[in-house]
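In: Quick one, fold the following:
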Amino acid sequence: MLNWLVDRSRRKKGCFESIEMTIIYPPALDWNLLFQRPQQLMTAFSKIPGVRAIFINEETYKKQSRPIEKLNDDLFLVQKGINYDHLVKGKKVLWFSSPGQYNYGDGRNFDFTVFDYLDNSADEFAVWKDYIPKCFERADLIATTAKVMYEAHKNDGKPIFMCPNGADYDHFKKARVSLPVPADFPDVKEGQKVVGFHGAMASWVDYSLITDIADKGYRVVLIGNNALYQKNIVHPNITCLPHKDYRVLPAYIAQFDVCIVPFKLTEMIRGCDPIKYYEYLSAGKPVITTRMEEIVNKYSNVTYFMDRHNCGQVLQKAISENNEAKIAARAMVARANSWDSRAMDAVKMINQVMGVNVDETDIQTNFR
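Out: The predicted structure follows:
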């Protein structure tokens, strides 16, 4: 059980009160493999008064010890095929993000359905393109992470709102202080700077850009090899480490001098709002990315941008300019983009579309 999840009793009083609902995430992911948007949102949903969250666990990585695991008073992991009717309170809301689950049903009727539109259906995700209209037809409300998807569908006649990714600030701020070096972290020469990345070692990562950085003498540490994504780069300055448990990631990020998001600028990446970006900001580290639209449009004041031609100069600038004021500015952006605020905006939108009176100006990310 993940006992580091926030206890429901620590909520602040006097906050927005939702109609009573249970948000159910269908089986698509293993809760314990990568702690990503679905896990973060379900955790944050469970902290909102009146809201319960049930995550149907795929268990491809780690088997549950019991059919139903209680993570807090209103957050439950449930094995596939296990009856959870006794856990449901209020309206039953289906929240799904895998387009292939547009027709998901487990014999239960849902009062409301939200499609969480995460990725632009192009390039590596083009396989989902024909499913997107079916997802929209199924859903009562669409949440989307990036402006390119919002703009493409805002006039389709279905309620849609921006719900970007967010920061687990309290978890990743731990990397702002010196932490013990993990046992498998590579040796670093005296005076050598460490450039780090964590995430999927996928095809949209620009490995040529990473090699260029290593050629300039930087120690590059890539964290994320797993059963789905494997990459091994033979270079004296590059180390590829396995996927790390979410709980220990801050210890690795603490060793980085600079964090990078070196994604190729493809059509799919136009709709990318990388979670790791917010995690790096929370850690206070200088962040360098390629010129991804979502980051350029929203966070240019706390981000450095690179390509294969200027990466050396940009790295030098990011390292030399780093100071307490810049660290504080990054932290401010991370705190302003918390998962708790994302979840609250989503619940308010659900209430509004259901017909509950909610002040639209109180929904932070609606129609930005």
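
In: To what extent is residue 214 buried, counted in neighbours?
Out: 17 (other C-beta atoms under 10 Å). Just so you know, the C-beta spots here come from the backbone N, C-alpha and C atoms, and that holds for glycine as well.

In: same question, residue 339
Out: 23.

In: I figured it hits residue 39, correct?
Out: No - Residue 339 is not in contact with residue 39 according to C-beta atoms under 8 Å; the separation is 9.6 Å.

In: Tell me which stretches of the stretch 1-150 of the chain form helices.
Out: 37-45, 132-138, 147-153 (DSSP state H, counting those that start in this stretch).

In: Return the most buried member of these.
Out: Comparing the helices of the stretch 1-150 of the chain by mean neighbour count (mean count of other C-beta atoms under 10 Å), helix 37-45 ranks first with a mean of 23.

In: got a list of contacts for that one?
Out: With C-beta atoms under 8 Å, 6 or more residues apart in numbering as the test, helix 37-45 has contacts from 5-6, 23, 25, 28-29, 31, 51, 53, 55, 71, 75, 95, 97, 116, 118, 145, 165-166, 168, 275, 339-340, 342-344, 346-347.

In: try 6 Å this time
Out: 5, 23, 25, 29, 31, 51, 53, 55, 165, 339-340, 343 (C-beta atoms under 6 Å, 6 or more residues apart in numbering).

In: Kindly report the same for stretch 95-102.
Out: Contacts for stretch 95-102 (C-beta under 6 Å, 6+ apart): 23, 25-26, 28, 114, 116, 118, 128, 131, 134-135, 138.

In: Might one say that residue 273 is in contact with residue 144?
Out: No - at 9.5 Å, residue 273 and residue 144 do not qualify as touching, with contact defined as C-beta atoms under 6 Å.

In: Low-confidence regions, this structure specifically.
Out: 1-16, 356-368 (pLDDT under 70).

In: what does stretch 70-77 contact?
Out: With C-beta under 6 Å, 6+ apart as the criterion, stretch 70-77 contacts 5, 8, 31, 46, 52-55, 57, 68-69, 87.

In: can you tell me which two in the residues you listed are farthest apart?
Out: 8 and 57 (20.1 Å; C-beta to C-beta).

In: and residue 221, what are its phi and psi?
Out: phi -120, psi 120 (degrees, to the nearest 10).

In: what about it, neighbour count?
Out: Other residues close to residue 221 by other C-beta under 10 Å number 22.

In: What's the separation between it and residue 237?
Out: 10 Å (C-beta to C-beta, to the nearest Å).

In: now do residue 138
Out: Following C-beta to C-beta, the distance that separates residue 138 from residue 237 is 48 Å.

In: Do you have the strands of the chain handy? List them.
Out: 21-25, 51-57, 68-72, 75-79, 91-96, 112-117, 141-144, 160-162, 194-198, 219-225, 238-242, 258-261, 287-289, 304-305 (DSSP state E).

In: Can you lay out those strands as TSV showing distance to residue 172?
Out: Shown next, in TSV, are the strands of the chain (distance: least, C-beta to C-beta, whole Å):
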stretch	distance to residue 172
strand 21-25	23
strand 51-57	22
strand 68-72	20
strand 75-79	20
strand 91-96	24
strand 112-117	22
strand 141-144	23
strand 160-162	23
strand 194-198	11
strand 219-225	14
strand 238-242	18
strand 258-261	10
strand 287-289	12
strand 304-305	19
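
In: among those, which is nearest residue 210?
Out: Closest among the strands of the chain, using C-beta to C-beta: strand 219-225, at 5.9 Å.

In: The closest one pairs with which strands, parallel or anti?
Out: strand 194-198 (parallel), strand 238-242 (parallel) (DSSP bridges).

In: Could you list the residues in contact with that strand?
Out: 188, 192, 194-201, 210, 213-214, 237-244, 252.

In: Ok, stretch 133-153 next?
Out: By C-beta under 6 Å, 6+ apart, stretch 133-153 touches 99, 102, 112-118, 120, 158-160, 162-165, 270-271, 273, 294, 346, 353.

In: Of those residues, keep whichever come out buried.
Out: 99, 102, 112-118, 120, 159-160, 162-165, 270-271, 273, 294, 346, 353 (16 or more other C-beta atoms under 10 Å).

In: and of the strands paired with strand 219-225, who's closest to residue 290?
Out: Per C-beta to C-beta, nearest to residue 290 of the strands paired with strand 219-225: strand 194-198, 12.1 Å.
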